[in-house]
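Novice: 3D model of this:
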Amino acid sequence: MNIDIIKVIQPGMLSTIQDLGRYGYQRYGVPVSGAMDEFAMRSANLLVGNKQHLAGIEITLVGPHLKFLSPTFIAITGADISPTLNGKSISGWKAVKVEKGDELKFGKRVDGFRSYLTISGGIEVPLVMGSRSTYLKTSIGGLNGRPLSTGDILSTAPLDHDFTGLQLPPGYKSPVYGGRHTIRIIPGPQQDRFDSDAITTLLSSRYTISEQSDRMGYKLKGPRIKHSEKADVISDGNPPGTIQVPGDGNPIILLSDRGTTGGYAKIATVISVDLGRLAQTVPGQSLGFKCVTLPEAHNLLRIQNAALRAISDQKSPPVGIKIEGKFIEVKNKEGDLLTSNIRNEEDHVESKVTATIGNESFDLALEVQNPS
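Specialist: Down below sits the predicted model:
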């Protein structure tokens with residue numbers, strides 16, 4: 001049975017419910033939608049013990065004011081928009097315990113453009129074609145196809161009381177997005193429809209992200225890309241990150257809410273691992289492009305997936321008492337093992353405790369360790 005978890009006090013500029021997208025329906029003209037920065041969304045879900053595909057909140061530039069109606073864990077990834085819990089700053093890219101009545105607010109944008117808020121158990125709204133993602137242009141998914149609004153109540157699955165929260169494992173750091181960006185691309189698939197100098201122009205130039213950009217695509221302003229003949233081609237599929245060039249020569253990068261097909265020539269495609277970084281660029285900032293090979297793109301994707309596995313592979317090892325070299329697990333009154341998350345390189349933490357048995361007390365060394 002789901003429980004009410006959040007009341008929206010103020011919705012922010014554009015806060016929508018998203019998961020990883022609506023797949024299997026592009027042949028019917030239904031866009032994928034989903035989180036613009038998938039890596040941030042996947043990470044946020046893992047940090048609160050969720051499967052990667054569960055729904056969270058995508059927050060754009062100006063964050064919401066939310067009140068929690070039940071205890072839970074949350075994680076905020078992606079852009080740093082100065083989150084506070086009950087007026088105190090909280091860190092991103094780690095699980096944070098919240099209690100009933102706590103209030104989450106956001107402040108000044110420090111870095112990035114889109115934040116992702118996840119809650120243990122995921123946000124429960126009706127599935128539409130297999131996804132909870134909001135697609136604003138046709139008002140489907142999420143909360144009746146619209147952004148969050150004042151007074152909305154969001155629900156989630158009950159909290160797993162054995163979960164104690166995760167953070168980035170040792171050796172991993174949260175992304176820093178900055179204001180000057182280089183986006184990696186693979187040329188094609190219709191490079192032959194452009195002037196011989198077109199790809200050189202694209203790679204040697206800086207482009208400004210237009211204020212007209214949105215979740216459907218980023219319009220770029222800069223040196224124009226020349227076609228060899230016409231800009232039009234027979235309409236074909238639009239993969240994520242497609243860089244199409246209409247007749248005016250200004251590139252457009254197609255993103256999560258893109259149309260399923262398009263009839264403009266495509267000069268290149270942004271590689272998968274850079275789509276999230278692209279989603280964190282702010283209109284008015286500049287970007288450039290760099291070519292990589294397909295094997296290089298595959299290797300970068302493997303590295304990113306390894307980072308996600310490193311988060312999900314973290315365990316909550318049992319709490320125990322080590323007596324004469326023997327590790328004895330500690331259980332609560334119900335017989336469940338007590339657990340504690342270990343987050344240092346030695347995989348153990350020691351502290352002094354006092355145990356009382358009958359009328360006698362004993363000073364013991366309590367060692368929390370990962371028995372594996």
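
Novice: what's the single longest helix in this structure?
Specialist: Criterion DSSP state H: the longest helix present in the chain is helix 294-312.

Novice: pull out the buried residues from it.
Specialist: Judged by neighbour count (16 or more other CB atoms under 10 Å), helix 294-312 contains these buried residues: 297, 300, 304, 307-308, 311-312. (C-beta placed from N, C-alpha, C; glycine too.)

Novice: any idea how many residues pack against residue 269?
Specialist: Neighbourhood size, residue 269 [other CB atoms under 10 Å]: 21.

Novice: returning to what we had before: which of the buried residues of helix 294-312 sit farthest apart?
Specialist: Largest separation among the buried residues of helix 294-312 by CB to CB: 297 and 312, giving 23.0 Å.

Novice: give me the low-pLDDT residue ranges for the stretch 51-200 of the chain?
Specialist: 160-161 (pLDDT under 70).

Novice: if you set the cut-off to 80 instead, what comes out?
Specialist: Across the stretch 51-200 of the chain, the ranges flagged by pLDDT under 80 are 159-164.

Novice: all strands of it, in order?
Specialist: For the stretch 51-200 of the chain, the strands defined by DSSP state E, counting those that start in this stretch occupy 56-60, 65-68, 72-80, 84-85, 88-89, 95-98, 103-105, 111-119, 123-124, 153-156, 180-187.

Novice: quick revisit: report the distance from the longest helix of the chain to the chain centre.
Specialist: On the basis of CA atoms, centre = their mean, to the nearest Å, helix 294-312 sits 15 Å off its chain's mean C-alpha point.

Novice: tell me what angle that helix forms with strand 180-187.
Specialist: If you take axes from the mean of the first three to the mean of the last three CA atoms, to 10 degrees, helix 294-312 sits at 120 degrees to strand 180-187.

Novice: which strands or helices does helix 294-312 pack on?
Specialist: When contacts are defined as 3 or more CB pairs under 8 Å, 6 or more residues apart in numbering; DSSP states H and E, helix 294-312 packs onto helix 38-47, strand 180-187, helix 272-279.

Novice: still on that earlier bit, could you export the strands of the stretch 51-200 of the chain as TSV, including mean neighbour count and distance to residue 212?
Specialist: Listed next are the strands of the stretch 51-200 of the chain as TSV, based on neighbours: other CB atoms under 10 Å; distance: least, CB to CB, whole Å:
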stretch	mean neighbour count	distance to residue 212
strand 56-60	27	15
strand 65-68	19	28
strand 72-80	27	20
strand 84-85	16	32
strand 88-89	8	34
strand 95-98	20	36
strand 103-105	18	30
strand 111-119	25	15
strand 123-124	21	30
strand 153-156	18	31
strand 180-187	17	18
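
Novice: for residue 36, find the nearest of those.
Specialist: Nearest of the strands of the stretch 51-200 of the chain to residue 36, taken as CB to CB: strand 111-119 at 5.7 Å.

Novice: given the closest one, what are its sheet partners and their directions?
Specialist: Paired with strand 111-119 in the same sheet, following DSSP bridges, are strand 56-60 (antiparallel), strand 72-80 (antiparallel).

Novice: could I get the ones you listed as CSV with distance to residue 28?
Specialist: Formatted as CSV, the strands paired with strand 111-119 follow (distance: least, CB to CB, whole Å):
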stretch, distance to residue 28
strand 56-60, 24
strand 72-80, 30
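
Novice: closest to residue 264 out of these?
Specialist: Across the strands paired with strand 111-119, closest to residue 264 is strand 56-60 (CB to CB), at 26.2 Å.

Novice: ok, residues contacting that closest one?
Specialist: For strand 56-60, contacts defined as CB atoms under 8 Å, 6 or more residues apart in numbering pick out 12-19, 35-36, 41, 44-45, 64, 78-79, 81, 106, 113-119, 122-123, 148.

Novice: domain parsing for the chain?
Specialist: Annotated domains of the chain cover 3-156, 180-310, 319-369 [automatic domain parsing].

Novice: deepest in the core, which of the ones you listed is it.
Specialist: Ranked by mean neighbour count under mean count of other CB atoms under 10 Å, these are led by domain 3-156, which reaches a mean of 20.

Novice: show me the contacts for the residue lying closest to residue 140 once chain neighbours are set aside.
Specialist: Excluding its sequence neighbours, the residue lying closest to residue 140 (CB to CB, 6 or more residues apart in numbering) is residue 128, at 5.1 Å. Applying CB under 8 Å, 6+ apart to residue 128 gives the contacts 22, 140-141.

Novice: if you set the cut-off to 10 Å instead, what comes out?
Specialist: 22, 25, 30, 33, 134-135, 140-142, 145 (CB atoms under 10 Å, 6 or more residues apart in numbering).

Novice: hey, what's it bridged with?
Specialist: Under the criterion used (DSSP bridges), residue 128 bridges to residue 131.

Novice: likewise residue 290?
Specialist: Beta-bridge partners of residue 290, counted by DSSP bridges, are residue 184.

Novice: residue 205 is in contact with that one, correct?
Specialist: No. The pair residue 290 / residue 205 is not scored as a contact, 12.0 Å apart, by CB atoms under 10 Å.

Novice: can I get the domains of the chain in CSV with distance to residue 173?
Specialist: Converted to CSV, the domains of the chain look like this (distance: least, CB to CB, whole Å):
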stretch, distance to residue 173
domain 3-156, 9
domain 180-310, 10
domain 319-369, 14
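
Novice: show me what contacts residue 93?
Specialist: Here residue 93 is in contact with 40, 43-44, 47, 75-78, 80, 167-168, 172-175, 311 (CB under 10 Å, 6+ apart).
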